[in-house]
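In: the sequence and its predicted three-dimensional model are supplied below.
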Amino acid sequence: MLVSPYFLVTLLMVFVLLLYSTFLFYKGKHIYSNVILGLYLISQILGLLNGSLFSLRDILLPKYVHLFLIGYPIIFIWLPLYFLFVCSLVDTRFRIRAYNWLHFLPSIVVLVILVIQFYFKSSVEKLELLDINSGFIETIRFDFLFSLQIVLYNIAAIIKYYGYRKRVKNLTNNRPEYDAWIRIAIFTFLGACLVTVTGIVLGYFNEAVNFDTFYLSNIAFLVFYSILFFVSITSPSLVMSSDKKEKYWYSNLSGYESKELLYRLNAYINETQIYRKSGLSLKELASGIGVSERHLSQAINDQKGQNFFDFVNYYRVEHAKRLLTQNNDNKRTMFDIFWESGFNSKTTFNNTFKKFTGITPSEFQKSFLDL
């Protein structure tokens, strides 16, 4: 039997996807976005293999009838996984939470429908349903649902991307790190999706076309995967955190996100004056703004060149300076001032104050009063 071009393109896609996913899990497994992209690629492989079974139905049926449609529900997790991948690209602190699993609800619905209408049927019943004249395949294709996913998730991905660019520009006045990589991932995917949707729409309206729309769609996605794979292997920094400072080699926090995190941290501290709490810990401060201790420590180190204790003590010293300048009538004792500023001992207060100002608190107050 002559093998169809559609089947050959599918095999080539599977080969590229296997290479790419292996590369991601081997070289870039420490970056969260790579893990999500790898899962997306694997889901593509399973979905493609499911579709290729119909190209070989004359060989596989009736002996392997139970293999058919097993991977069909996986098709409906393609777009959610792609969108979550984009989310992880524009925010390396992104992690899949419980509510994110709602994205996979359409796949679950399709799975339930197939369980009821196909999976638990006998071999004879399945063969009847898979017959070209039965019309069953047409009833469970859910092209509208898949097309809707394509439209909505591509729009959501583009909104995410431009929101990310706007935040970066506001904070740094520069283009985002790896902006070209993110644009390639989003807009080459969009192009492939447009080809797919065009084919579905033409098929829906029974428009006569001179080419196989599924074949063209597979070629478009083959180009998409090949571009991503080529960029990944020629730009190792995209999938491996080789450019991090030695102390934070294991972190995937970008420079932009580090600045954004510090901006949020300063706003939180100024609003709450949490530094006035004696014994404030890195864990408590990180919890207050909803980030990990590791990322908070890195942001302070990268952006301020300080450790956590110096960072907090700076705020405490500044608070103490304000109290000292307002203490014209000496109603506040030095004990009151260091305690209200977050220090738990006079010795620590004096040493830290002198470290940041070069003089003791008493000398600072005296110099201010002499003006």
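Out: Sure, I can see it.
In: for the rest of this, base every contact and every neighbour count on C-alpha atoms.
Out: Fine.
In: geometric centre of this protein: which residue is closest?
Out: Nearest to the mean C-alpha position of the chain, counting by C-alpha atoms, centre = their mean, stands residue 88 at 1.0 Å.
In: helices or strands up against the longest helix anywhere in the chain?
Out: Criterion DSSP state H: the longest helix present in the chain is helix 143-172. In terms of contacts (3 or more C-alpha pairs under 8 Å, 6 or more residues apart in numbering; DSSP states H and E), helix 143-172 is packed against helix 78-90, helix 179-204, helix 255-272.
In: just these: most buried one?
Out: Ranked by mean neighbour count, these are led by helix 78-90 with a mean of 22 (mean count of other C-alpha atoms under 10 Å).
In: how far off centre is that one?
Out: 6 Å (C-alpha atoms, centre = their mean, to the nearest Å).
In: over to residue 359. Which of the three states is it?
Out: coil (DSSP: H, G, I helix; E, B strand; the rest coil).
In: oh sorry, the question was meant for residue 323
Out: Residue 323 is classified as helix under three-state DSSP.
In: touching, it and residue 337? I think so.
Out: Yes: Residue 323 is in contact with residue 337 according to C-alpha atoms under 8 Å; the separation is 6.6 Å.
In: for residue 235, give me its contacts.
Out: Applying C-alpha atoms under 8 Å, 6 or more residues apart in numbering to residue 235 gives no contacts.
In: distance of it from residue 353?
Out: For residue 235, the distance to residue 353 (C-alpha to C-alpha, to the nearest Å) stands at 47 Å.
In: what's the angle between the longest helix of the chain and helix 255-272?
Out: Here helix 143-172 runs at 70 degrees with respect to helix 255-272, directions being taken by axes from the mean of the first three to the mean of the last three C-alpha atoms, to 10 degrees.
In: please identify the buried residues of helix 143-172?
Out: For helix 143-172, burial by neighbour count (16 or more other C-alpha atoms under 10 Å) applies to 143, 146-147, 149-150, 153-154, 157-158, 160-161, 164-165, 168.
In: what helix or strand is residue 132 on?
Out: For residue 132, there is no host helix or strand (DSSP states H and E).
In: how much space between it and residue 356?
Out: Residue 132 is 81 Å from residue 356, by C-alpha to C-alpha.
In: packing partners for the strand or helix carrying residue 11?
Out: Using DSSP H and E, residue 11 maps to helix 5-27. Applying 3+ C-alpha pairs under 8 Å, 6+ apart, one finds that helix 5-27 contacts helix 32-52, helix 213-234.
In: out of the ones you listed, nearest to residue 278?
Out: Closest to residue 278 of these is helix 32-52 (C-alpha to C-alpha; 35.8 Å).
In: same for the closest one, what does it pack against?
Out: Helix 32-52 packs on helix 5-27, helix 78-90, going by 3+ C-alpha pairs under 8 Å, 6+ apart.
In: and those helices as TSV, adding distance to residue 138?
Out: Converted to TSV, the helices and strands packed on helix 32-52 look like this (distance: least, C-alpha to C-alpha, whole Å):
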stretch	distance to residue 138
helix 5-27	20
helix 78-90	20
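In: make JSON lines from those helices and add distance to residue 287 and mean pLDDT to it.
Out: Listed next are the helices and strands packed on helix 32-52 as JSON lines, based on distance: least, C-alpha to C-alpha, whole Å; pLDDT from 0 to 100:
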{"stretch": "helix 5-27", "distance to residue 287": "30", "mean pLDDT": "88"}
{"stretch": "helix 78-90", "distance to residue 287": "21", "mean pLDDT": "93"}
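In: residues touching residue 81, list them.
Out: Taking C-alpha under 8 Å, 6+ apart, one finds 36, 37, 39, 40 in contact with residue 81.
In: so the first one sits against residue 84, correct?
Out: Yes: with the criterion set as C-alpha under 8 Å, residue 36 and residue 84 qualify as a contacting pair; they are 7.2 Å apart.
In: what is in contact with these two at once?
Out: In contact with both residue 36 and residue 84: no residue, using C-alpha under 8 Å, 6+ apart.
In: for residue 70, which three-state class applies?
Out: Residue 70 ends up coil, using three-state DSSP.
In: what is the neighbour count of it?
Out: Neighbour count of residue 70, defined by other C-alpha atoms under 10 Å: 18.
In: pull the contacting residues for the spatially closest residue to it that is not a sequence neighbour.
Out: Closest residue to residue 70 apart from its sequence neighbours, by C-alpha to C-alpha, 6 or more residues apart in numbering: residue 50 at 6.9 Å. For residue 50, the contacting residues are 68, 69, 70, 71, 72, by C-alpha under 8 Å, 6+ apart.
In: for the nearest residue to residue 21 once chain neighbours are set aside, list the residues it contacts.
Out: Distances taken as C-alpha to C-alpha, 6+ apart put residue 38 closest to residue 21, at 4.9 Å, once the chain neighbours are dropped. Counting by C-alpha under 8 Å, 6+ apart, residue 38 touches 20, 21, 22, 24, 25.
In: for the third one, give its distance to residue 42.
Out: In this case it means residue 22. 10 Å.
In: more neighbours, these two?
Out: A direct count of neighbours by other C-alpha under 10 Å for residue 22 and residue 42 places residue 42 higher, at 20 against 16.
In: these two touch, right, that one and residue 20?
Out: No: counting by C-alpha under 8 Å, residue 42 does not reach residue 20; the two are 9.7 Å apart.
In: if I look at the nearest residue to residue 149 once chain neighbours are set aside, how far off is residue 152?
Out: Once flanking residues are discounted, residue 149 sits nearest to residue 79: 6.4 Å by C-alpha to C-alpha, 6+ apart. Noted for residue 79: a distance of 9 Å to residue 152, by C-alpha to C-alpha.
In: break the protein into its domains for me.
Out: 5-238, 246-369 (automatic domain parsing).
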